[in-house]
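Peer 1: Fold the following, please.
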Amino acid sequence: MASLRPLRARIARIEVTPRQFALVALVALVALTAIVVTGAAVRLSGSGLGCPDWPRCYGHVYPPLKTHALIEWSNRLVSGAVGVVVFVVAAAAWKRRPFRRDLMWLALLLPIGVLGQAVLGGYTVENKLAPGFVMAHFSLSMVILVAAVALYWRAREPTIGPVPEQPTDCVAVWAVRALAPFAAVVLVAGTAATAAGPHSGGAVGQTIKRLHFFGARTLSWTVHVHGAIAFAFGIAAVMVWVMLERRQAEPMLRRAVSWLCVLVAGQGVVGMVQYETHLPSELVWVHVAGATLTWLCVLWGVAAAGRLEPRLARTGSQIRASVAARNS
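Peer 2: Down below sits the predicted model:
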């Protein structure tokens, strides 16, 4: 025990600066985004059941020399590395000086979310990639990205108090915020289309459950519903962009929504091409990666829109401004 005292004292002296913590939060955000893309690659390569058991692989801690098993096991290793990163973020939030409670709680959500993903992933494998589990697995990744974006964005702020300039254009702020639940519906519809498609995640010869509530028409129905919702979302994004340009909103907010419109347009092109070419796995992977980037862009826009100043504070400032105007 005495030999551990110098180590404990050294750890106690560690302090993380705000700039260092913001960098660590950015690394976590990139890692959590990357694991979504690599996970999609596992599924689309037919390696979702490369290791039919969890957490072991064919009963061992290492995979056999089989392509699908190696791909699935490699993704598990990457997931483990991401887990280490998010635990480092939580530790860094505790050691950040000055300490901020809001960053601590956001940082704790990341390892909790990754642990939840690990458990859900295990159930997904045990249930032979049942559509509901696969859809929930992807959706949980998107929820974790919400916490990761919020953590990085708030870590960039120097203090816990209000930002120097609070947004006062309520219409613009709420219009951008409304895009988030709309985008979430598009994502869920997209997971349903994938769950009904030919890429089950299993290799040839493996029986994987698919969505089939309309029989042979399920894939066509889900794809068209997803396309219609995505098209409506694209129209909404363009309308918000036009409104922001006319109201001369903050440059970063306009830039975020501009990129969102570009990504949605690109997603539409990729979606149509992949459907006409009978859903090749490479294009489906591009579409999933694009969907992840689109979701991040939506979150970027919501963060750039800012937190509205409380109504009472706005009223007080307006009263002070009117009094000053009368006295001048």
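
Peer 1: So the nearest residue to residue 258 once chain neighbours are set aside: helix, strand or coil?
Peer 2: Nearest residue to residue 258, sequence neighbours excluded (C-beta to C-beta, 6 or more residues apart in numbering): residue 241, at 6.3 Å. Using the backbone N, CA and C atoms, a C-beta is placed for each residue, glycine as well. The three-state label given to residue 241 by DSSP: H, G, I helix; E, B strand; the rest coil is helix.

Peer 1: residues in contact with residue 241?
Peer 2: Going by C-beta atoms under 8 Å, 6 or more residues apart in numbering, residue 241 touches 254, 257, 258, 260, 261.

Peer 1: Equivalent analysis for residue 146, please.
Peer 2: residue 299.

Peer 1: can you pull the pLDDT of it?
Peer 2: If you check residue 146, the pLDDT there is 97.

Peer 1: returning to that earlier point: can you tell me how far the residue nearest to residue 258 is from residue 272?
Peer 2: Distance of residue 241 to residue 272, given as C-beta to C-beta, to the nearest Å: 22 Å.

Peer 1: same thing with residue 292?
Peer 2: Between residue 292 and residue 272 the computed distance is 19 Å (C-beta to C-beta).

Peer 1: quick one, which of these two is more surrounded?
Peer 2: Using other C-beta atoms under 10 Å as the criterion, residue 292 and residue 272 rank with residue 292 on top: 21 against 11.

Peer 1: Tell me, how many residues neighbour the spatially closest residue to that one that is not a sequence neighbour?
Peer 2: Excluding its sequence neighbours, the residue lying closest to residue 292 (C-beta to C-beta, 6+ apart) is residue 36, at 5.1 Å. Per other C-beta under 10 Å, the neighbour tally for residue 36 reads 22.

Peer 1: quick one: least confident helix or strand in this structure?
Peer 2: helix 311-327 (a mean of 45; mean pLDDT, DSSP states H and E).

Peer 1: what about the most centrally placed residue in the chain, which helix or strand?
Peer 2: By C-alpha atoms, centre = their mean, the mean C-alpha position of the chain lies nearest to residue 145, the distance being 2.9 Å. In the assignment (DSSP states H and E), residue 145 maps to helix 131-155.

Peer 1: Okay, strands next: where are they in the protein?
Peer 2: Counting by DSSP state E, no segments of the chain form strands.

Peer 1: mind giving me the domain ranges of it?
Peer 2: Domain ranges of the chain: 13-158, 167-328, per automatic domain parsing.

Peer 1: picking that back up, which ones are touching the residue nearest to residue 292?
Peer 2: Neighbour list for residue 36: 138, 141, 145, 288, 292 [criterion: C-beta under 8 Å, 6+ apart].

Peer 1: now what about stretch 62-78, what contacts it?
Peer 2: 34-35, 38-39, 41-42, 45-51, 55, 57-58, 203.

Peer 1: can you pull the buried residues of it?
Peer 2: Neighbour-count burial for stretch 62-78, counted by 16 or more other C-beta atoms under 10 Å, picks out 63, 66, 68, 69, 70, 71, 72, 73, 74, 75, 76, 78.

Peer 1: Now do that stretch: distance to the chain's middle.
Peer 2: In terms of C-alpha atoms, centre = their mean, to the nearest Å, the centre of stretch 62-78 is found 24 Å from the chain centre.

Peer 1: what mean pLDDT does that stretch have?
Peer 2: The pLDDT scores in stretch 62-78 average 87.

Peer 1: From what I see, residue 81 and residue 31 are in contact.
Peer 2: Yes. The pair residue 81 and residue 31 passes the contact test of C-beta atoms under 8 Å, sitting 7.5 Å apart.
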